[in-house]
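Colleague: One predicted model, sequence on top.
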Amino acid sequence: MQINKIYIQNFRNYDHSEIIFSPFLNFFIGENATGKSNLLEAIGYFILYRSFRNLKDIDLIQWNKDFFYLKLETFDNSLINSQKDTYEVGVQKIYQTVRKKVKKNNKKINKISELFGSILGVFFIPEDIIYTESLTSRRNFFDLLFSTIDFEYFSLFNEYQRCLKQRNELLRRIQEKKSQISELDFWDYRLIEIGKKIFQKRIMYLKDLEVLLQNRILEISNQKDYVAIVYDQNLLESYERFFFNHRIKDIQTGTTNFGIHRDKINFYDKNQKEILLSFSQGQKRTIALSLKLAQYDFYKKIYNKKPILFIDDVIRELDQNRRKYFLKLLLECGQAFFTTPNFEEDMNIFKKLQDKECKIFKILNGDIHNEF
């Protein structure tokens, strides 16, 4: 799978641009705040149909415009018969709300989840270290990852969130003496039922992912670091009891304090300590990089094709050993997109990449110039 071309209109600081890409390496160079990451964001929007920087769609529309439009063309020769596809997305601002329309090959897509897995991508950004420092961000990462490979997980997770919202609203009404405690029964049993299914799927996928993560960590750290993914399976046996034991506290606080939305997915070191407390910043960067590489391996294993890499100004944050390992990945990968303020410096780091076909685009305040 490779991305051939993109057309951009009214997206961030881009009026309208059309770009044809290299099937291998593509570099976006320019000073900070010129639009490099915005271009990466436009291309990467077609992975999950949202910003990889977690911005709202309304914030992606160019200033003083009321819509943005993106069109992407892809080519896949991994199939028996090579295949070309066209993806389109339009987002229109109507007062303070947005309307989104998505098409594939001129056919309207009603549910974005239908497109999950069509274009596989892994993002490497400086903020990835948050997965070693925040249990909430780590859990959200896994939920999103598993949702992209398992439609049932995606559906269960969305239904869980809907029920959770209803239960929390009911808890606040009980606080205000506007509803009865007995009304919680329906939502409690529904959340328990869905929560158990999500719990079991997490256990299954985390087991597979742990092997991939450990392999990457051991290789990058030269066998020095070790991390185990620990998700307390004993909770499943007592899930219902734990849920009901929190009911009084839930009513007092007006929120649901137990459930899969609060579960901890721990990363333990050799001494069974959570790495957010025991690892140095350098070690955490190794784990963050390894986690994204494990995601790359996970996708490749499930879909039997290489994900596209999106690398947003992270190369120079890596030490010599991590750079060497990253180079190995780039030499093996299919297509990749980079942002960097200093191309010459990065190419000195990765001289071996010069043997691969690449395109270099210079970005200046929303204008894109194809250098060579």
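Modeller: Perfect, I can see it now. Numbering: from 1, shown residues only.

Colleague: quick one, helices of the chain?
Modeller: Here the chain has its helices, by DSSP state H, at 36-48, 135-149, 151-175, 184-220, 234-237, 239-245, 247-253, 275-278, 281-303, 320-332, 343-349.

Colleague: Residue 25 is nearest to which of the ones you listed?
Modeller: helix 320-332 (7.4 Å; C-beta to C-beta). Any C-beta I mention is one placed from the backbone N, CA and C, and that applies to glycine too.

Colleague: how about that closest one as CSV, C-alpha atoms only?
Modeller: The C-alpha coordinates for helix 320-332 follow below in CSV (Å, rounded to 0.1, in the frame of the first residue of the first chain):
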residue,chain,number,x,y,z
GLN,A,320,22.9,7.1,18.5
ASN,A,321,21.7,3.6,19.2
ARG,A,322,18.0,4.4,18.7
ARG,A,323,18.9,6.3,15.4
LYS,A,324,20.6,3.1,14.2
TYR,A,325,17.6,1.0,15.0
PHE,A,326,15.3,3.5,13.4
LEU,A,327,17.4,3.4,10.3
LYS,A,328,16.9,-0.3,10.1
LEU,A,329,13.2,0.1,10.2
LEU,A,330,13.2,2.7,7.5
LEU,A,331,15.3,0.5,5.2
GLU,A,332,12.8,-2.3,5.6
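
Colleague: before we move on, the earlier item: so which of the helices of the chain has the densest surroundings on average?
Modeller: Most buried of the helices of the chain, by mean neighbour count (mean count of other C-beta atoms under 10 Å): helix 36-48, with a mean of 23.

Colleague: Regarding the chain, what is its longest strand?
Modeller: strand 83-94 (DSSP state E).

Colleague: Give me the residues contacting it.
Modeller: Residues outside strand 83-94 that contact it (C-beta atoms under 8 Å, 6 or more residues apart in numbering): 4, 45-46, 49, 57-58, 60-61, 66-76, 98-106, 115, 118-119.

Colleague: CSV for the helices of the chain, including mean pLDDT and distance to residue 83?
Modeller: Converted to CSV, the helices of the chain look like this (pLDDT from 0 to 100; distance: least, C-beta to C-beta, whole Å):
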stretch, mean pLDDT, distance to residue 83
helix 36-48, 95, 16
helix 135-149, 96, 20
helix 151-175, 97, 21
helix 184-220, 95, 28
helix 234-237, 78, 42
helix 239-245, 88, 44
helix 247-253, 94, 50
helix 275-278, 93, 42
helix 281-303, 93, 14
helix 320-332, 79, 23
helix 343-349, 67, 33
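
Colleague: Strand partners (parallel or antiparallel) of the longest strand of the chain?
Modeller: Strand partners for strand 83-94, identified by DSSP bridges, are recorded as strand 67-76 (antiparallel), strand 97-104 (antiparallel).

Colleague: Most tightly packed of those strands?
Modeller: strand 67-76 (a mean of 18).

Colleague: returning to that earlier point: now do the longest strand of the chain: distance to the chain's middle.
Modeller: When C-alpha coordinates are averaged (C-alpha atoms, centre = their mean, to the nearest Å), strand 83-94 and its chain have centres 20 Å apart.

Colleague: now swap in stretch 42-49 and tell me
Modeller: Centroid separation for stretch 42-49 versus its chain: 10 Å, with C-alpha atoms, centre = their mean.

Colleague: Numbering from 47 from now on, please.
Modeller: With 47 as the first residue, the last one maps to stretch 88-95.

Colleague: shouldn't residue 403 be in contact with residue 73?
Modeller: No - using C-beta atoms under 8 Å, residue 403 is not in contact with residue 73, being 12.0 Å away.

Colleague: Looking only at neighbour counts, state which of these two leads.
Modeller: Neighbour count, other C-beta atoms under 10 Å: between residue 403 and residue 73, residue 73 has more, with 22 against 9.

Colleague: any idea how far the more buried one is from residue 365?
Modeller: As judged by C-beta to C-beta, to the nearest Å, residue 73 and residue 365 stand 22 Å apart.

Colleague: now do residue 256
Modeller: 25 Å.

Colleague: One more: residue 186?
Modeller: From residue 186 to residue 365 the distance is 28 Å (C-beta to C-beta).

Colleague: next one: residue 173
Modeller: Between residue 173 and residue 365 the computed distance is 18 Å (C-beta to C-beta).

Colleague: who has more neighbours, the two?
Modeller: Shown here are residue 173 and residue 365; by other C-beta under 10 Å, residue 173 has more neighbours (14 against 10).

Colleague: residue contacts, residue 328?
Modeller: residue 365.

Colleague: How far does stretch 287-301 stretch from one end to the other?
Modeller: Using C-alpha to C-alpha, to the nearest Å, the end-to-end distance of stretch 287-301 comes to 18 Å.

Colleague: residues in contact with it?
Modeller: Under the contact criterion C-beta under 8 Å, 6+ apart, stretch 287-301 has outside partners 214, 217-218, 220-221, 227, 230, 234, 237-238, 241, 281, 302-305.

Colleague: if we take these, which one ends up nearest to residue 265?
Modeller: Of all the contacts of stretch 287-301, residue 281 has the smallest distance to residue 265: 32.1 Å, by C-beta to C-beta.

Colleague: Spatially nearest residue to the closest one (excluding sequence neighbours)?
Modeller: Nearest in space to residue 281, with sequence neighbours left out and distances taken as C-beta to C-beta, 6 or more residues apart in numbering, is residue 288 at 6.7 Å.

Colleague: cool, and residue 196?
Modeller: In space, and not counting its chain neighbours, residue 196 is closest to residue 247: 6.7 Å by C-beta to C-beta, 6+ apart.

Colleague: For that neighbour, give its distance to residue 293.
Modeller: Taking C-beta to C-beta as the measure, residue 247 and residue 293 are separated by 26 Å.
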